[in-house]
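In: Sequence first, then the predicted structure:
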2 protein chains.
Amino acid sequence: MKMNEGVEWAMHSCVNLSWLPGEAVTAKRLAAFYDLPTAYLNKQLQALTRAGILSSTSGPKGGFQLARDPRNITLLDILTAIDGADDAFRCTQILKAGPGADPKADYREVCLVSQAMRAAELNYRRELAGQTIADIVTRVEAQSPAAPENTRTWFANLKS
Amino acid sequence: MKMNEGVEWAMHSCVNLSWLPGEAVTAKRLAAFYDLPTAYLNKQLQALTRAGILSSTSGPKGGFQLARDPRNITLLDILTAIDGADDAFRCTQILKAGPGADPKADYREVCLVSQAMRAAELNYRRELAGQTIADIVTRVEAQSPAAPENTRTWFANLKS
DNA sequence: GCCTCGCTACTCGGATATGAGGTGTCCGAGTTTTCCCGG
DNA sequence: CCGGGAAAACTCGGACACCTCATATCCGAGTAGCGAGGC
(Lines give C-alpha, C1' and ligand atoms only; values in the text may rest on other atoms or scores of the structure.)
Protein backbone atom coordinates (compact mmCIF):
# COMPACT_ATOMS: atom_id res chain seq x y z
CA MET A 1 0.00 0.00 0.00
CA LYS A 2 2.15 2.79 -1.31
CA MET A 3 0.76 6.17 -2.19
CA ASN A 4 1.87 7.99 -5.32
CA GLU A 5 4.87 10.11 -4.51
CA GLY A 6 3.40 13.00 -6.49
CA VAL A 7 0.82 13.59 -3.77
CA GLU A 8 3.48 15.13 -1.55
CA TRP A 9 4.78 17.29 -4.38
CA ALA A 10 1.29 18.44 -5.32
CA MET A 11 0.41 19.49 -1.78
CA HIS A 12 3.57 21.48 -1.28
CA SER A 13 3.18 23.07 -4.69
CA CYS A 14 -0.36 24.13 -3.86
CA VAL A 15 0.90 25.72 -0.64
CA ASN A 16 3.49 27.66 -2.59
CA LEU A 17 0.96 28.68 -5.22
CA SER A 18 -1.31 30.04 -2.50
CA TRP A 19 1.45 32.53 -1.70
CA LEU A 20 1.58 33.66 -5.33
CA PRO A 21 -2.06 34.46 -6.07
CA GLY A 22 -2.95 35.51 -9.57
CA GLU A 23 0.49 34.67 -10.87
CA ALA A 24 1.14 31.97 -13.46
CA VAL A 25 4.04 29.85 -12.22
CA THR A 26 5.67 27.43 -14.62
CA ALA A 27 6.29 23.80 -13.79
CA LYS A 28 9.97 24.37 -14.25
CA ARG A 29 10.11 26.98 -11.51
CA LEU A 30 7.95 24.95 -9.15
CA ALA A 31 10.23 21.97 -9.73
CA ALA A 32 13.38 24.02 -9.16
CA PHE A 33 12.10 25.10 -5.76
CA TYR A 34 12.38 21.56 -4.38
CA ASP A 35 14.82 20.22 -6.98
CA LEU A 36 12.26 17.84 -8.48
CA PRO A 37 12.20 16.34 -12.00
CA THR A 38 10.42 18.98 -14.05
CA ALA A 39 8.59 16.79 -16.54
CA TYR A 40 7.24 14.48 -13.89
CA LEU A 41 6.01 17.29 -11.67
CA ASN A 42 4.38 18.72 -14.76
CA LYS A 43 2.45 15.49 -15.11
CA GLN A 44 1.10 15.81 -11.58
CA LEU A 45 0.15 19.45 -12.14
CA GLN A 46 -1.75 18.35 -15.22
CA ALA A 47 -3.73 15.95 -13.07
CA LEU A 48 -4.55 18.77 -10.68
CA THR A 49 -5.67 20.87 -13.64
CA ARG A 50 -7.95 18.10 -14.92
CA ALA A 51 -9.46 17.93 -11.43
CA GLY A 52 -10.21 21.65 -11.49
CA ILE A 53 -7.78 22.48 -8.68
CA LEU A 54 -5.36 24.40 -10.84
CA SER A 55 -5.83 26.38 -14.02
CA SER A 56 -3.17 26.38 -16.67
CA THR A 57 -2.19 28.69 -19.52
CA SER A 58 0.18 27.87 -22.35
CA GLY A 59 2.86 29.91 -24.02
CA PRO A 60 5.27 32.49 -22.62
CA LYS A 61 4.04 34.03 -19.38
CA GLY A 62 2.07 30.81 -19.04
CA GLY A 63 2.03 28.43 -16.11
CA PHE A 64 -0.19 27.16 -13.32
CA GLN A 65 -2.17 28.90 -10.63
CA LEU A 66 -4.82 27.92 -8.14
CA ALA A 67 -8.19 27.68 -9.82
CA ARG A 68 -10.14 28.45 -6.66
CA ASP A 69 -9.81 29.72 -3.12
CA PRO A 70 -7.36 27.70 -0.99
CA ARG A 71 -10.09 27.41 1.64
CA ASN A 72 -11.98 25.38 -0.95
CA ILE A 73 -9.18 22.92 -1.77
CA THR A 74 -9.03 19.97 0.57
CA LEU A 75 -6.21 17.52 0.99
CA LEU A 76 -8.60 14.83 -0.20
CA ASP A 77 -9.15 16.75 -3.43
CA ILE A 78 -5.44 16.60 -4.13
CA LEU A 79 -5.12 12.98 -3.10
CA THR A 80 -8.00 11.99 -5.35
CA ALA A 81 -6.67 13.99 -8.28
CA ILE A 82 -3.21 12.42 -8.13
CA ASP A 83 -3.81 8.98 -6.75
CA GLY A 84 -7.28 8.18 -8.06
CA ALA A 85 -10.61 7.84 -6.33
CA ASP A 86 -10.54 4.09 -5.84
CA ASP A 87 -10.41 2.67 -2.34
CA ALA A 88 -7.16 1.07 -1.28
CA PHE A 89 -8.99 -2.00 0.02
CA ARG A 90 -10.53 -3.77 -2.92
CA CYS A 91 -13.41 -6.08 -2.00
CA THR A 92 -13.37 -8.73 -4.71
CA GLN A 93 -16.45 -10.34 -3.18
CA ILE A 94 -14.74 -13.65 -2.64
CA LEU A 95 -17.72 -14.72 -0.58
CA LYS A 96 -19.53 -15.07 -3.89
CA ALA A 97 -17.25 -17.99 -4.75
CA GLY A 98 -17.84 -19.61 -1.36
CA PRO A 99 -20.48 -22.24 -0.58
CA GLY A 100 -24.01 -21.05 0.01
CA ALA A 101 -23.45 -17.68 -1.59
CA ASP A 102 -26.24 -15.53 -2.98
CA PRO A 103 -25.32 -14.64 -6.58
CA LYS A 104 -27.53 -11.56 -6.49
CA ALA A 105 -26.14 -10.09 -3.28
CA ASP A 106 -23.63 -7.23 -3.40
CA TYR A 107 -21.00 -8.44 -0.95
CA ARG A 108 -19.26 -5.10 -0.97
CA GLU A 109 -22.19 -4.04 1.19
CA VAL A 110 -23.00 -7.27 2.98
CA CYS A 111 -19.54 -8.63 3.79
CA LEU A 112 -18.53 -7.51 7.27
CA VAL A 113 -14.83 -7.55 6.53
CA SER A 114 -15.49 -5.21 3.65
CA GLN A 115 -17.65 -3.04 5.88
CA ALA A 116 -14.95 -2.69 8.52
CA MET A 117 -12.24 -1.86 6.03
CA ARG A 118 -14.36 0.59 4.09
CA ALA A 119 -15.53 2.32 7.25
CA ALA A 120 -11.95 2.89 8.36
CA GLU A 121 -10.97 4.17 4.96
CA LEU A 122 -14.01 6.41 4.81
CA ASN A 123 -12.96 8.06 8.07
CA TYR A 124 -9.49 8.51 6.66
CA ARG A 125 -10.84 10.27 3.62
CA ARG A 126 -13.26 12.29 5.73
CA GLU A 127 -10.42 13.54 7.88
CA LEU A 128 -8.45 14.64 4.82
CA ALA A 129 -11.57 16.26 3.41
CA GLY A 130 -11.77 18.37 6.56
CA GLN A 131 -8.34 19.88 5.99
CA THR A 132 -7.84 22.54 3.38
CA ILE A 133 -4.76 24.07 1.83
CA ALA A 134 -5.71 27.27 3.63
CA ASP A 135 -5.53 25.42 6.95
CA ILE A 136 -2.06 24.15 6.16
CA VAL A 137 -0.95 27.60 5.04
CA THR A 138 -2.24 29.16 8.25
CA ARG A 139 -0.30 26.69 10.34
CA VAL A 140 2.87 27.13 8.31
CA GLU A 141 2.68 30.88 8.74
CA ALA A 142 2.20 30.46 12.47
CA GLN A 143 5.24 28.19 12.61
CA SER A 144 7.51 30.35 10.44
CA PRO A 145 6.05 33.78 9.72
CA ALA A 146 8.77 34.63 7.19
CA ALA A 147 7.88 31.72 4.92
CA PRO A 148 5.44 33.53 2.59
CA GLU A 149 7.74 36.45 1.95
CA ASN A 150 10.78 34.21 1.55
CA THR A 151 8.95 32.11 -0.99
CA ARG A 152 7.76 35.13 -2.93
CA THR A 153 11.23 36.66 -3.14
CA TRP A 154 12.75 33.31 -4.10
CA PHE A 155 10.37 32.95 -7.02
CA ALA A 156 10.84 36.61 -7.97
CA ASN A 157 14.63 36.31 -8.02
CA LEU A 158 14.72 33.02 -9.89
CA LYS A 159 16.46 33.71 -13.16
CA SER A 160 16.40 30.67 -15.38
CA MET B 1 -2.70 3.51 -3.50
CA LYS B 2 -3.69 -0.08 -3.91
CA MET B 3 -3.68 -2.54 -1.06
CA ASN B 4 -2.39 -6.06 -1.50
CA GLU B 5 -5.23 -8.30 -2.56
CA GLY B 6 -4.08 -10.96 -0.11
CA VAL B 7 -5.29 -8.84 2.80
CA GLU B 8 -8.87 -9.70 1.96
CA TRP B 9 -8.06 -13.38 1.61
CA ALA B 10 -6.14 -13.42 4.89
CA MET B 11 -8.95 -11.83 6.86
CA HIS B 12 -11.59 -14.19 5.55
CA SER B 13 -9.30 -17.16 6.11
CA CYS B 14 -8.74 -16.09 9.71
CA VAL B 15 -12.50 -15.88 10.22
CA ASN B 16 -12.89 -19.39 8.86
CA LEU B 17 -10.04 -20.70 10.99
CA SER B 18 -11.67 -19.23 14.08
CA TRP B 19 -14.55 -21.62 13.43
CA LEU B 20 -12.17 -24.58 13.31
CA PRO B 21 -10.20 -24.20 16.54
CA GLY B 22 -7.38 -26.63 17.19
CA GLU B 23 -7.62 -28.08 13.71
CA ALA B 24 -4.82 -27.85 11.17
CA VAL B 25 -6.31 -26.72 7.85
CA THR B 26 -4.22 -26.96 4.73
CA ALA B 27 -3.74 -24.07 2.35
CA LYS B 28 -5.32 -26.18 -0.37
CA ARG B 29 -8.58 -26.54 1.53
CA LEU B 30 -8.68 -22.88 2.53
CA ALA B 31 -8.10 -21.93 -1.09
CA ALA B 32 -10.80 -24.30 -2.34
CA PHE B 33 -13.36 -22.64 -0.07
CA TYR B 34 -13.19 -19.39 -2.05
CA ASP B 35 -11.72 -20.83 -5.26
CA LEU B 36 -8.42 -18.99 -4.84
CA PRO B 37 -5.01 -19.90 -6.31
CA THR B 38 -3.58 -22.33 -3.75
CA ALA B 39 0.10 -21.46 -4.01
CA TYR B 40 -0.50 -17.75 -3.76
CA LEU B 41 -2.79 -18.03 -0.76
CA ASN B 42 -0.11 -20.22 0.79
CA LYS B 43 2.29 -17.32 0.41
CA GLN B 44 -0.03 -15.05 2.34
CA LEU B 45 -0.55 -17.64 5.07
CA GLN B 46 3.20 -17.89 5.41
CA ALA B 47 3.34 -14.16 6.02
CA LEU B 48 0.71 -14.51 8.74
CA THR B 49 2.77 -17.29 10.25
CA ARG B 50 5.92 -15.16 10.28
CA ALA B 51 3.90 -12.47 12.04
CA GLY B 52 2.85 -14.93 14.74
CA ILE B 53 -0.82 -14.83 13.82
CA LEU B 54 -0.97 -18.40 12.55
CA SER B 55 1.01 -21.48 13.46
CA SER B 56 1.91 -24.03 10.85
CA THR B 57 2.82 -27.70 10.85
CA SER B 58 4.32 -29.64 7.97
CA GLY B 59 3.61 -33.09 6.63
CA PRO B 60 0.38 -35.07 6.44
CA LYS B 61 -2.19 -33.85 8.95
CA GLY B 62 -0.34 -30.57 8.74
CA GLY B 63 -1.73 -27.14 7.94
CA PHE B 64 -2.45 -23.79 9.52
CA GLN B 65 -4.35 -22.74 12.60
CA LEU B 66 -4.73 -19.60 14.63
CA ALA B 67 -1.73 -19.10 16.89
CA ARG B 68 -3.65 -17.10 19.47
CA ASP B 69 -7.11 -16.12 20.61
CA PRO B 70 -9.18 -14.36 17.89
CA ARG B 71 -9.90 -11.61 20.41
CA ASN B 72 -6.18 -10.89 20.29
CA ILE B 73 -5.86 -10.66 16.50
CA THR B 74 -6.64 -7.22 15.14
CA LEU B 75 -7.34 -6.28 11.56
CA LEU B 76 -4.26 -4.09 11.72
CA ASP B 77 -2.16 -7.13 12.64
CA ILE B 78 -3.27 -8.84 9.45
CA LEU B 79 -2.85 -5.74 7.32
CA THR B 80 0.67 -5.21 8.65
CA ALA B 81 1.62 -8.85 8.17
CA ILE B 82 0.52 -8.95 4.53
CA ASP B 83 1.01 -5.41 3.33
CA GLY B 84 3.96 -4.27 5.39
CA ALA B 85 4.25 -1.74 8.20
CA ASP B 86 5.25 1.25 6.10
CA ASP B 87 2.94 4.24 5.88
CA ALA B 88 1.20 4.78 2.56
CA PHE B 89 2.16 8.44 2.55
CA ARG B 90 5.92 8.68 2.25
CA CYS B 91 7.37 11.98 3.38
CA THR B 92 10.54 12.37 1.34
CA GLN B 93 11.34 15.58 3.15
CA ILE B 94 11.38 17.64 0.00
CA LEU B 95 11.53 20.74 2.17
CA LYS B 96 15.15 19.83 2.78
CA ALA B 97 15.88 20.59 -0.87
CA GLY B 98 14.06 23.90 -0.69
CA PRO B 99 15.65 27.27 0.06
CA GLY B 100 16.36 28.13 3.67
CA ALA B 101 16.11 24.55 4.85
CA ASP B 102 17.68 23.28 8.03
CA PRO B 103 19.79 20.22 7.13
CA LYS B 104 19.58 18.89 10.65
CA ALA B 105 15.79 19.11 11.00
CA ASP B 106 13.64 16.01 10.61
CA TYR B 107 10.93 17.25 8.31
CA ARG B 108 8.86 14.13 8.82
CA GLU B 109 8.09 15.72 12.17
CA VAL B 110 8.25 19.40 11.31
CA CYS B 111 6.53 19.52 7.92
CA LEU B 112 2.85 20.29 8.40
CA VAL B 113 1.76 18.44 5.28
CA SER B 114 3.47 15.37 6.60
CA GLN B 115 1.86 15.89 10.00
CA ALA B 116 -1.64 16.08 8.54
CA MET B 117 -1.20 13.01 6.37
CA ARG B 118 0.42 10.94 9.08
CA ALA B 119 -2.23 11.92 11.60
CA ALA B 120 -5.00 10.76 9.27
CA GLU B 121 -3.22 7.54 8.56
CA LEU B 122 -2.55 6.98 12.24
CA ASN B 123 -6.25 7.23 12.97
CA TYR B 124 -6.90 4.77 10.16
CA ARG B 125 -4.52 2.26 11.67
CA ARG B 126 -5.85 2.93 15.15
CA GLU B 127 -9.37 2.15 13.98
CA LEU B 128 -8.26 -1.14 12.46
CA ALA B 129 -6.31 -1.94 15.60
CA GLY B 130 -9.55 -1.61 17.56
CA GLN B 131 -11.27 -4.32 15.55
CA THR B 132 -10.44 -7.95 16.18
CA ILE B 133 -11.22 -11.11 14.27
CA ALA B 134 -13.45 -12.05 17.18
CA ASP B 135 -15.47 -8.87 16.63
CA ILE B 136 -15.96 -9.72 12.98
CA VAL B 137 -16.91 -13.30 13.84
CA THR B 138 -19.47 -12.09 16.37
CA ARG B 139 -21.09 -9.83 13.79
CA VAL B 140 -21.10 -12.53 11.14
CA GLU B 141 -22.81 -14.95 13.51
CA ALA B 142 -25.38 -12.30 14.34
CA GLN B 143 -26.03 -11.73 10.65
CA SER B 144 -26.20 -15.41 9.65
CA PRO B 145 -26.27 -17.74 12.63
CA ALA B 146 -25.84 -20.84 10.47
CA ALA B 147 -22.50 -19.70 9.09
CA PRO B 148 -20.19 -21.40 11.62
CA GLU B 149 -21.89 -24.78 11.34
CA ASN B 150 -22.12 -24.55 7.57
CA THR B 151 -18.43 -23.78 7.34
CA ARG B 152 -17.52 -26.63 9.65
CA THR B 153 -19.53 -29.18 7.71
CA TRP B 154 -18.17 -27.89 4.41
CA PHE B 155 -14.59 -28.40 5.58
CA ALA B 156 -15.48 -31.76 7.08
CA ASN B 157 -17.07 -33.03 3.88
CA LEU B 158 -14.34 -31.76 1.58
CA LYS B 159 -12.83 -34.80 -0.03
CA SER B 160 -9.81 -33.85 -2.10
C1' DG C 1 5.36 56.85 -37.12
C1' DC C 2 2.12 53.13 -36.74
C1' DC C 3 -0.25 49.01 -37.88
C1' DT C 4 -0.15 44.27 -39.37
C1' DC C 5 1.63 39.99 -40.36
C1' DG C 6 4.76 36.29 -39.57
C1' DC C 7 8.23 34.13 -36.88
C1' DT C 8 10.29 32.66 -32.75
C1' DA C 9 10.46 31.23 -28.14
C1' DC C 10 8.32 29.26 -24.44
C1' DT C 11 4.68 26.75 -22.15
C1' DC C 12 1.38 22.90 -21.36
C1' DG C 13 -0.38 18.25 -22.93
C1' DG C 14 -0.36 13.68 -23.97
C1' DA C 15 2.05 9.67 -25.94
C1' DT C 16 5.97 6.89 -25.08
C1' DA C 17 10.12 4.06 -22.44
C1' DT C 18 11.79 2.08 -18.08
C1' DG C 19 11.85 -0.16 -13.55
C1' DA C 20 10.06 -1.79 -9.19
C1' DG C 21 6.75 -4.36 -6.84
C1' DG C 22 2.59 -7.11 -6.71
C1' DT C 23 0.96 -11.52 -8.70
C1' DG C 24 1.52 -16.21 -9.74
C1' DT C 25 4.18 -20.64 -9.93
C1' DC C 26 7.42 -24.28 -8.92
C1' DC C 27 10.57 -27.31 -6.54
C1' DG C 28 13.01 -28.61 -2.19
C1' DA C 29 12.90 -29.46 3.21
C1' DG C 30 10.54 -31.66 6.71
C1' DT C 31 7.28 -34.70 8.96
C1' DT C 32 3.86 -38.21 9.47
C1' DT C 33 1.89 -42.25 7.99
C1' DT C 34 1.95 -46.70 6.23
C1' DC C 35 3.62 -50.83 4.69
C1' DC C 36 6.89 -54.45 4.75
C1' DC C 37 10.10 -57.38 6.91
C1' DG C 38 12.19 -59.64 10.66
C1' DG C 39 11.84 -61.48 15.22
C1' DC D 1 1.32 -61.69 16.30
C1' DC D 2 4.14 -57.63 17.31
C1' DG D 3 7.73 -54.17 16.77
C1' DG D 4 10.98 -51.50 14.07
C1' DG D 5 12.60 -49.29 10.12
C1' DA D 6 12.50 -47.53 5.62
C1' DA D 7 10.02 -45.56 1.98
C1' DA D 8 6.34 -42.85 0.27
C1' DA D 9 3.03 -39.26 0.41
C1' DC D 10 1.70 -34.97 1.76
C1' DT D 11 2.55 -30.47 3.78
C1' DC D 12 4.87 -25.93 4.38
C1' DG D 13 8.75 -22.81 2.96
C1' DG D 14 11.27 -20.07 0.11
C1' DA D 15 13.34 -19.25 -4.47
C1' DC D 16 12.09 -18.22 -9.15
C1' DA D 17 9.22 -16.05 -13.56
C1' DC D 18 5.67 -12.77 -15.16
C1' DC D 19 2.90 -8.80 -15.56
C1' DT D 20 0.84 -4.62 -14.19
C1' DC D 21 1.36 0.03 -12.72
C1' DA D 22 4.15 3.86 -10.81
C1' DT D 23 8.12 6.46 -12.36
C1' DA D 24 10.52 9.10 -15.68
C1' DT D 25 11.12 11.20 -20.19
C1' DC D 26 10.35 13.18 -24.73
C1' DC D 27 8.21 15.46 -28.58
C1' DG D 28 4.13 17.82 -30.57
C1' DA D 29 0.14 21.51 -29.98
C1' DG D 30 -0.81 25.96 -28.78
C1' DT D 31 -0.04 30.83 -27.49
C1' DA D 32 2.08 35.23 -26.34
C1' DG D 33 5.55 38.35 -27.52
C1' DC D 34 8.73 40.44 -30.66
C1' DG D 35 10.42 42.14 -34.88
C1' DA D 36 10.35 43.27 -39.62
C1' DG D 37 8.03 45.12 -43.39
C1' DG D 38 4.60 47.86 -45.58
C1' DC D 39 1.31 51.74 -45.50
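Out: Perfect, I can see it now.
In: dump the residue contacts of A:A10.
Out: Going by Cβ atoms under 8 Å, 6 or more residues apart in numbering or on different chains, A:A10 touches A:44-45, A:47-48, A:78, A:81-82. Where C-beta positions appear, they are placed from N, C-alpha and C, glycine not excepted.
In: I'd like the average pLDDT over the helix or strand where A:E121 lies.
Out: Assessed by DSSP states H and E, A:E121 sits inside helix A:112-129. Average pLDDT, helix A:112-129: 97.
In: Quick check: A:P60 is in a strand.
Out: No: applying DSSP: H, G, I helix; E, B strand; the rest coil, one finds A:P60 to be coil, outside a strand.
In: From chain B, how far out is it?
Out: 25 Å (Cβ to the nearest Cβ, to the nearest Å).
In: On the pLDDT front, check that residue for me.
Out: A:P60 is assigned a pLDDT of 88 by the prediction.
In: picking up where we left off before, what packs against the helix holding A:E121?
Out: helix A:75-83, helix A:107-110, helix B:6-18, helix B:112-129, helix B:133-143 (3 or more Cβ pairs under 8 Å, 6 or more residues apart in numbering or on different chains; DSSP states H and E).
In: buried set for it?
Out: Residues of helix A:112-129 classed as buried under the neighbour-count rule (16 or more other Cβ atoms under 10 Å in any protein chain shown) are A:112-114, A:116-118, A:120-121, A:124-125, A:127-128.
In: close to chain B, is stretch A:98-106?
Out: Yes: contact of stretch A:98-106 with chain B (Cβ under 8 Å from any Cβ of the partner chain) involves A:98-100.
In: For that stretch, what is the spacing between the initial and final residues?
Out: End-to-end span of stretch A:98-106 (Cα to Cα, to the nearest Å): 14 Å.
In: buried residues in that stretch?
Out: Under the neighbour-count criterion of 16+ other Cβ under 10 Å, stretch A:98-106 has A:G98 buried.
In: Now do it: distance to the chain's middle.
Out: How far stretch A:98-106 lies from its chain's middle: 38 Å, per Cα atoms, centre = their mean, to the nearest Å.
In: Distance to A:T57 for the helices and strands packed on helix A:112-129 - can I get that in JSON lines?
Out: Conversion of those to JSON lines gives the following (distance: least, Cβ to Cβ, whole Å):
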{"stretch": "helix A:75-83", "distance to A:T57": "19"}
{"stretch": "helix A:107-110", "distance to A:T57": "42"}
{"stretch": "helix B:6-18", "distance to A:T57": "44"}
{"stretch": "helix B:112-129", "distance to A:T57": "26"}
{"stretch": "helix B:133-143", "distance to A:T57": "52"}
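In: For DNA strand C, find the nearest of the ones you listed.
Out: DNA strand C sits nearest to helix B:6-18 of all these, at 5.6 Å, using Cβ to the nearest atom of the strand.
In: and A:M1, what does it touch?
Out: A:M1 makes contact with A:88, B:1-4, B:83-84, B:86, B:88, according to Cβ under 8 Å, 6+ apart.
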